[in-house]
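Engineer: Dropping the sequence and predicted coords here.
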Amino acid sequence: MSPTSCDVLVIGGGHAGAEAAWAAANLGARTILVTHDRAALGRMSCNPAVGGLGKGQIVREIDALGGLMGLVTDEAGIQFRMLNRRKGPAVWAPRAQADSRLYTAVLRRYLENCPNLTIIEAGVDEILSEPATGPTAASRVTGVRLGGSLALPSVDRRIAATAVVVATGTFLRGLMHTGDEKHAGGRVGEPAAARLSDSLRGLGLTLGRLKTGTPPRVARDSVDFAHLREQPGDPDPAPFSFLTTAITQPEVCCWLTSTNPQIHDLLRANLHRAPLYTGQIESVGPRYCPSIETKIVRFPDKDRHQIFLEPEGRDSDRIYLNGISTSVPRDVQEQMVRLVAGLERARIVQWGYAIEYDFVPPEQIDATLMTKRARGLFLAGQINGTSGYEEAAGQGLVAGVNAARLAAAQPPVTIGRDQAYIGVMIDDLVTRGVTEPYRMFTSRAEHRMHLRYDNADQRLTPLGREIGLVRDDRWQRFEQQRGRFDELMALLAHLRLEGKTLLERLRQPDETGERFLARFPELHPFWPARDIWGRALVAAKYEGYIERQQRTIARFRELEDRPLPPETDYDAIPQLRHEARERWKAVRPRSVGQAARVSGIQPTDVSMLVVYLSARDRSSRPPVISS
């Protein structure tokens, strides 16, 4: 591969960029990944964890499609927990603490050994394009111009590319805040991308500004663990990847403590020095993951907030203080930390900070993650207004797939809301936009009984195979697991105990089926295989709910399958509200279903749209001539 040309060029080596480069290269596209530092590939700049409610499902979906994050987490994980255990298995969600240094090393190994992929250490100053020549107003991306400080000075500053994926995270004009201190940077110790924002504006994109933050880290040897509550991992940890048969590495503990009224009084007394309240930070942060100073203002009657002490690695000397993200001055941070039970003598090794960065309001992209103003330009991750490694990785995979398919002159791939949390997220972004950093929650998915962690392979591995990302080993395992599940369900429907089939017995709330083993030895091969037996439990206990959800999905697809041509003239729809016209012209929904989900749209607007489309369809039909 020539370092001066490629099919797909990916800007940024975070979680979105890594998945995009992996997907594109594995689909046969000549791919270049441009990153400031290959040693920082997939760096966990915030918490050293993967998964959680909604997020764990996304990681399983990435894996089911042939992506990287699940495989890397299984190898680099140091504690695994299944969340929501007290509820039914249909809403369980996996989460893992990871060794942050090992995570980066494992991800780097995958990428450096990936065929068709070249990694270049550089910055990108400009996205190159040529103006539109056809009836569309969109220009066409032709490549990038690299920045000045290169490890490889002989490399041409211009790299030609058919498609470009921008996955810059918080680096676009990143500005970091701790008290009144502020300096440019994408994260601690790494420079911001200063010029790329201007290039995006030059392509006709509108940019906004968002904010996120991170807590202080403390030295492990300065923590008094005797005063903390242990939070162990699961004794039988569940892997993220469908290719991982078992987690064999030993697990480590996390610990729990909390803030207290003294800390809250300290923060209230210093709000006049907090950048969030002095006007120093003007952008919007994540409502569902607020800083500790925001928590005490928003919840004045709450006298404590939980703090999770999470090791940054098996042998790391750093502990991440999850729950007290902050940008207050250093002296206030030090007082705050030492008022926490167990941290009285803690030594801070990294100060908490907030970071502001540019993003592209995502109404400017479509469901393939390509921008509407520049053909061949794809955006993935925090540049689209999301937060979290998992949300970024899911977008990266979709962007990488579609960039490779564009380069190969193949039709794009989209993932629907009824197929995956990844589809829910992308549809939310392109249809509703964001006013704050977007975070995935199970409540965002109307089909969440269908979008479970246990069945991600059933939902998506056939699609991954069709795309070309699912290799033979994964496909063979998938077919084997699917065959074993069908065999188990047939047995459960046939075998009887006390006048009822075992399937009927499993529908009882507290029935796990373990007692069946003493009576029916033919069930032994399926126990305790989590993926097989767990799916059988869900299928039995939630049969009615799942059937109702499938009927809902069928009705949903009727609207999704009714297309809206991009040239639809919304001004021609009689009596349509002005707001509906403007919102639909901005988003250009691809279906009636998507049009109904656009922010500000009312049911009457959708009714008028359907009437208009029906009348147009009737008028376009040729007349029937009777003999």
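Structural biologist: Good, I have the coordinates. Residues are numbered from 1 along each chain as shown.
Engineer: Can you report how many residues lie near the closest residue in space to Phe171 that isn't next to it in sequence?
Structural biologist: Closest residue to Phe171 apart from its sequence neighbours, by Cβ to Cβ, 6 or more residues apart in numbering: Gly186 at 3.3 Å. (Each C-beta comes from the backbone N, C-alpha and C, glycine too.) With neighbours defined by other Cβ atoms under 10 Å, the count for Gly186 comes to 25.
Engineer: isn't Gly186 right next to Thr170, touching?
Structural biologist: Yes: using Cβ atoms under 8 Å, Gly186 makes contact with Thr170 at a distance of 5.6 Å.
Engineer: what is in contact with those two at once?
Structural biologist: Listed as contacting both Gly186 and Thr170 by Cβ atoms under 8 Å, 6 or more residues apart in numbering are 355, 357.
Engineer: Tell me the secondary structure at Glu282.
Structural biologist: State at Glu282, reduced to three classes by DSSP: H, G, I helix; E, B strand; the rest coil: coil.
Engineer: What does the pLDDT read for it?
Structural biologist: According to the prediction, Glu282 has pLDDT 87.
Engineer: biggest helix in the protein, by residue count?
Structural biologist: The longest helix of the chain (DSSP state H) is helix 472-494.
Engineer: For the helix or strand just after it, what is the distance to the chain centroid?
Structural biologist: Next helix or strand after helix 472-494 toward the C-terminus (DSSP states H and E): strand 496-497. Counting by Cα atoms, centre = their mean, to the nearest Å, strand 496-497 is centred 44 Å from the centre of its parent chain.
Engineer: And stretch 296-313, by the same measure?
Structural biologist: Computed by Cα atoms, centre = their mean, the chain-centroid distance of stretch 296-313 equals 24 Å.
Engineer: returning to what we had before: where's the residue nearest to Phe171 relative to Gly169, distance?
Structural biologist: Distance, Gly186 to Gly169, by Cβ to Cβ, to the nearest Å: 7 Å.
Engineer: With Asp221 as the reference, measure out to the residue lying closest to Tyr103 once chain neighbours are set aside.
Structural biologist: Distance criterion Cβ to Cβ, 6+ apart; nearest residue to Tyr103, sequence neighbours excluded, is Ala76 at 4.0 Å. As for Ala76, its distance to Asp221 is 23 Å (criterion: Cβ to Cβ).
Engineer: Between the two, which is the more surrounded one?
Structural biologist: Ala76 (26 against 10).
Engineer: what's around the nearest residue in space to Gln382 that is not next to it in sequence, how many residues?
Structural biologist: Leaving aside its chain neighbours, Gln382 sits nearest to Gly169 (4.9 Å; criterion: Cβ to Cβ, 6+ apart). Residues lying near Gly169 (other Cβ under 10 Å) number 26.
Engineer: shouldn't Gly169 be in contact with Gly12?
Structural biologist: Yes: counting by Cβ under 8 Å, Gly169 does reach Gly12; the two are 6.1 Å apart.
Engineer: okay, and the common contacts of these two?
Structural biologist: Shared contacts of Gly169 and Gly12 (Cβ under 8 Å, 6+ apart): Gly381.
Engineer: how many other residues sit next to Gln476?
Structural biologist: Gln476: 10 neighbours (other Cβ under 10 Å).
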